[in-house]
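Undergrad: predicted coordinates and the sequence they were generated for:
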Amino acid sequence: MGFTYPGKRHWDTPAQRSVVMAPQGMAASSHPLATRAGVRVLEDGGNAVDAAVAMVAVLSVVEPHSVAPGGDAFALLAVEGGNKVVGLNASGRAPAAASLESYRALGHETVPFTGALSVTVPGALAGWAEAVERYGTMGLDTLLAPAITYAEKGFPVSQVIAGEWAQATELLRRDPAAKAAYLIDGQAPRPGQVFTNPDLGRTFRRVADQGPGVFYQGELAEAVAACVRSGGGAMTPDDLAAHVNQWVEPLAFDYQGHTVLELPPNGQGAVALEILNILSGYDLASLEPGGAEYLHRLGEAIKIAFGDRARYFTDPVFSPAPLERLLSPAYGAACREMICPGRVLEPAAAPPLGGETVYLAVGDAQGNAASFISSIFTAFGSGLVVPGTGVILHCRGRSFSLDPEHANCLEPGKRPMHTIIPGMLMQDGKLEAAFGVMGGDMQPQGHAQFLVNLLDFGLDLQAAMDAPRLRYMGGKSMYLEDGISSEAARILADWGHQVDRGPYPVNEVGGGQVVWRDQEQGVWLGASDRRKDGCAMGF
């Protein structure tokens, strides 16, 4: 048996750095300070779950437009030495008093993108804490310490984050608490400028001292509910007290001799699996990576899967999706029959959803791994900050439909269809990789493209993450990232695709991370997307 390092191609691809390799553990995130916090936890004897929670807390400080304890979280956790995988759904529900009628009475045809009416119960903090309680080895007081330090003593704002922060300036100016907490003299911090967040530091200290219950009951819960109600929302302290996480069985799909794991709805992980189900009937390895024929098949598969998401995906307690059928070989074959060379399918109704998210991956010396994602949905979420706490509230309720006939229509106590999805890869029942790609609708598209790059085209981890991407934008439109040839774009346009070349920020196609366990060598490999500020680091 030889070295099982994934992928053979590197130098003939757009990879801008080498794969990171280390003997004991590996962490990858979109910010170096978060990655360092995770590695430090591993060095101090913590496991992958401990490290993941320390990392996401730091990201809440250093990348606040993307993640906060006022958001939601999902995770795939490989425990027992990587031999068992459990799924965590820590997404919150609509307030008990929320109703279609109340939104309609206010004149809304859709849920507002920002503001109090877009806020559902935040599940992130409860999820972080319960993951550690069940599978970690350290206390929250230890794991929140790095985040508290950066919040209270400050950190220099990195380049990509500074640019995304600045784009949300007008949103932050609308809310006095948001303006006070996240702007400096009414402006977003510049790259390299030191930023402190003493309010969030105090909130994390309270959670470290008193436990996560302080956020869901008592003064903090009262403050969160009051913030939402002051903006016209319906949330009460009882809604927060009623929050419970859900531990779920991951979905599994076999692709190219490997097993891809995703979480079931209300997330969109099954969309990634449906895309792979459709693509699995093609000999993609014989096609040119980035060529028109591959991109046409990929784009059409994405379009079909998004149409199914629009029809079926929501909280399965209210309306279960027909996952067995969507992921069956027969359905994949039927979808391939719909995809014709040189001709574009008519689109299903699937409006694109943007998003700001952090995804992190971490593996430890025992072979455990955490594929962990947490988000406030769009940049600075609802735009509301709970006064005196530094806690940004997400806008996940905007995913709901206000059409009473829609599967994902707003109902009291219902979780909306969610975009954030962690991924894992297994082979022969053993952990191979924890991976993810951020960015709203880009996430299942990014998962599929990363895996095709890795398993069909034979790219190494970094090259598979860095390779130029396609993003389906809704309708017949697809965005092609720089690096995809003009010739491929021309052919796709001739076939009827509406080809969009931007200009967009590079992270329009998401940013991702991956850690890979080489089972034979007992070592870790890692990669972090060139499109973000982050890095992979091991020890």
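TA: In hand now; what should we look at?

Undergrad: show residues contacting the helix or strand where Ile278 lies.
TA: Assessed by DSSP states H and E, Ile278 sits inside helix 269-279. Identification of contacts with helix 269-279 by C-beta atoms under 8 Å, 6 or more residues apart in numbering yields 251, 253, 255, 260, 262-264, 297-298, 301-302, 304-306, 308-309, 313, 321, 323, 326-329, 331-332, 335-336, 339, 421-423, 443-445, 447-448, 451-452. From N, CA and C alone the C-beta is placed, and that goes for glycine too.

Undergrad: now swap in stretch 132-139 and tell me
TA: Contacts to stretch 132-139, defined as C-beta under 8 Å, 6+ apart, come from residues Val41, Gly45, Gly46, Asn47, Val49, Asp50, Val53, Leu77, Val79, Val86, Leu140, Leu143.

Undergrad: now swap in stretch 402-416 and tell me
TA: Residues from elsewhere that reach stretch 402-416, judged by C-beta under 8 Å, 6+ apart: 91-100, 103-104, 108-111, 120, 266, 311-315, 317-319, 321, 396-397, 399-401, 417.

Undergrad: what's downstream of the helix or strand of the chain with the lowest mean pLDDT, the next helix or strand?
TA: In the chain, no helix or strand scores lower on mean pLDDT, DSSP states H and E than strand 356-363, which sits at a mean of 91. With elements assigned by DSSP H and E, the helix or strand that comes after strand 356-363 is strand 369-377.

Undergrad: what's around Thr196, how many residues?
TA: Neighbour count of Thr196, defined by other C-beta atoms under 10 Å: 15.

Undergrad: going forward, the N-terminal residue is numbered 657.
TA: All right, first residue 657 from here; so that's Thr852.

Undergrad: quick one, phi/psi of the nearest residue to it once chain neighbours are set aside?
TA: Leaving aside its chain neighbours, Thr852 sits nearest to Gly810 (4.1 Å; criterion: C-beta to C-beta, 6 or more residues apart in numbering). The phi/psi pair for Gly810 (degrees, to the nearest 10) reads phi 100, psi 170.

Undergrad: now do the buried residues in stretch 1096-1114.
TA: Applying a neighbour-count criterion of 16 or more other C-beta atoms under 10 Å, the buried positions in stretch 1096-1114 are 1096-1113.

Undergrad: ok, stretch 1053-1065 next?
TA: So stretch 1053-1065, judged by 16+ other C-beta under 10 Å, has buried residues Gly1053, Arg1054, Ser1055, Phe1056, Ser1057, His1062, Ala1063, Asn1064, Cys1065.

Undergrad: contacts only, for the residue most central in space within the chain.
TA: Closest residue to the average C-alpha location of the chain: Ile1076 at 3.7 Å, with C-alpha atoms, centre = their mean. Shown in contact with Ile1076 (C-beta under 8 Å, 6+ apart): Asp728, Ala729, Phe730, Gly923, Gly1011, Thr1013, Tyr1015, Ile1029, Ser1030, Ser1031, Met1094, Gln1099.

Undergrad: what about the third one, which SS state?
TA: Phe730 carries the three-state label strand when classified by DSSP: H, G, I helix; E, B strand; the rest coil.
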